[in-house]
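Visitor: test case, fold it:
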Amino acid sequence: MQNKKEINAGILIIGNEVLSGRTQDVNTSTLAIWLNSLGIPVAEVRVIPDDESIIINTVNELRKKYSYIFTTGGIGPTHDDITAESVSKAFNIEYGFHKEAFSILENYYKPGEFNEGRQKMARMPVSANLILNPSSGAPGFYVENVFCLPGVPSIMKAMLGNLNNLLIGGEPILSETINLRTVESEIAKSLADVQKNNTDVDIGSYPFFKSGKLGVSIVLRSVSKNKIDKCNNEILKFVKEKNIELDKIK
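Guide: A predicted model of the protein is given here:
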């Protein structure tokens with residue numbers, strides 16, 4: 001019997017300001033948490049500049065690899081907002097004023113405020129489907145499996161709810177974290193043994209530094225609460241045997 005095709009996603013963060021460090025990327029975390037809740041694991045994240053050829057090539061590469069692609073950034077009113085035109089070229093669709101988007105923006109602004117710069121936000125692949133924006137009016141859009149969202153984190157986040165019914169995912173991905181007052185070398189072998197016994201649970205260990213002491217956060221991820229609980233019990237067993245202190249991070 002053929003396995004059901006894996007549902008997954010790629011995230012494409014577009015913007016010179018992110019690469020330069022002037023703007024901190026928080027959209028990846030927001031998108032990944034939301035997608036995991038829909039049962040769509042994120043397989044890859046890339047950050048690329050506002051460069052037409054790079055955007056076109058990357059969109060065309062990733063949309064063939066993954067079930068869904070989410071881009072953020074580059075769909076605003078300024079000269080360096082070139083994502084919409086680049087995506088049009090990637091799909092070989094005419095780039096121009098989207099009638100519905102133009103109408104939404106025209107009605108959103110007061111008379112005289114819908115200037116040339118703001119009108120640019122209605123330019124996109126003319127046959128694209130819109131992603132409504134309850135925050136600032138300017139819609140995002142999607143073509144086939146590529147969803148283009150703004151780079152401003154609060155606006156992007158407000159638009160995600162409009163996509164829930166468009167995406168087909170699997171079971172939501174659950175997670176649980178165990179925080180320990182120890183170092184990774186102390187638990188490496190024991191943790192590897194637990195992983196061998198629990199192949200359906202993704203186990204990650206991440207060092208942290210708090211109040212002058214080192215610690216390790218162990219994160220368990222799976223679609224099954226029972227499998228996470230089993231894995232959690234095995235970890236707590238060796239933690240107790242090694243007399244390792246649990247740490248409740250706030």
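
Visitor: ok, which stretches of this protein are helices?
Guide: Applying DSSP state H to the chain gives helices spanning 16-20, 27-37, 52-65, 83-91, 99-108, 116-119, 153-159, 184-197, 225-241.

Visitor: make CSV out of these and add mean pLDDT and distance to residue 46.
Guide: All C-beta atoms are positioned from the backbone trio N, CA, C, and that covers glycine. CSV is the format used below for the helices of the chain (pLDDT from 0 to 100; distance: least, C-beta to C-beta, whole Å):
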stretch, mean pLDDT, distance to residue 46
helix 16-20, 93, 11
helix 27-37, 95, 10
helix 52-65, 97, 6
helix 83-91, 97, 14
helix 99-108, 94, 26
helix 116-119, 90, 28
helix 153-159, 95, 17
helix 184-197, 92, 28
helix 225-241, 94, 29
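
Visitor: tell me the centre residue of the protein?
Guide: Geometric centre of the chain, nearest residue: residue 31, 2.9 Å, by C-alpha atoms, centre = their mean.

Visitor: relative to residue 58, how far out is residue 184?
Guide: With distances taken as C-beta to C-beta, to the nearest Å, residue 184 is found 34 Å from residue 58.

Visitor: neighbour count: these two, which is higher?
Guide: For residue 184 versus residue 58, the count of surrounding residues by other C-beta atoms under 10 Å is larger for residue 58: 20 against 14.

Visitor: surely that one and residue 12 touch.
Guide: Yes - the pair formed by residue 58 and residue 12 meets the contact definition of C-beta atoms under 8 Å, at 6.2 Å.

Visitor: anything in contact with each of the two?
Guide: Counting by C-beta atoms under 8 Å, 6 or more residues apart in numbering, the shared contacts of residue 58 and residue 12 are 46, 48.

Visitor: isn't residue 104 up against residue 137?
Guide: Yes - Residue 104 is in contact with residue 137 according to C-beta under 8 Å; the separation is 6.7 Å.

Visitor: please verify my assumption that residue 128 contacts residue 139.
Guide: No - the criterion here is C-beta under 8 Å, and residue 128 misses it with residue 139 at 9.3 Å.

Visitor: how many residues are close by the nearest residue to residue 8 once chain neighbours are set aside?
Guide: Of all residues not flanking residue 8 in the chain, residue 43 sits nearest, at 4.3 Å (C-beta to C-beta, 6 or more residues apart in numbering). With neighbours defined by other C-beta under 10 Å, the count for residue 43 comes to 14.

Visitor: okay but residue 43 is in contact with residue 66, surely?
Guide: Yes - the pair residue 43 / residue 66 is scored as a contact, 5.8 Å apart, by C-beta under 8 Å.

Visitor: got a list of what residue 208 touches?
Guide: Contacts for residue 208 were tallied using C-beta under 8 Å, 6+ apart; they are 179, 214-217, 249.

Visitor: check what pLDDT it gets.
Guide: pLDDT, residue 208: 86.

Visitor: so what's it bridging to?
Guide: Beta-bridge partners of residue 208, counted by DSSP bridges, are residue 215.

Visitor: could you chop the chain up by domain?
Guide: The chain breaks down by automatic domain parsing into domains covering 9-166, 174-246.

Visitor: residue contacts, residue 23?
Guide: Residues near residue 23 by C-beta under 8 Å, 6+ apart: 15, 17, 151.

Visitor: could I get those residues as a markdown table with distance to residue 93 and neighbour count?
Guide: As requested, the contacts of residue 23 are arranged in a markdown table below (distance: C-beta to C-beta, whole Å; neighbours: other C-beta atoms under 10 Å):
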| residue | distance to residue 93 | neighbour count |
| --- | --- | --- |
| 15 | 23 | 22 |
| 17 | 27 | 15 |
| 151 | 22 | 22 |
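
Visitor: just send the residues you listed back as TSV, with distance to residue 48 too.
Guide: Listed next are the contacts of residue 23 as TSV, based on distance: C-beta to C-beta, whole Å:
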residue	distance to residue 48
15	8
17	12
151	13
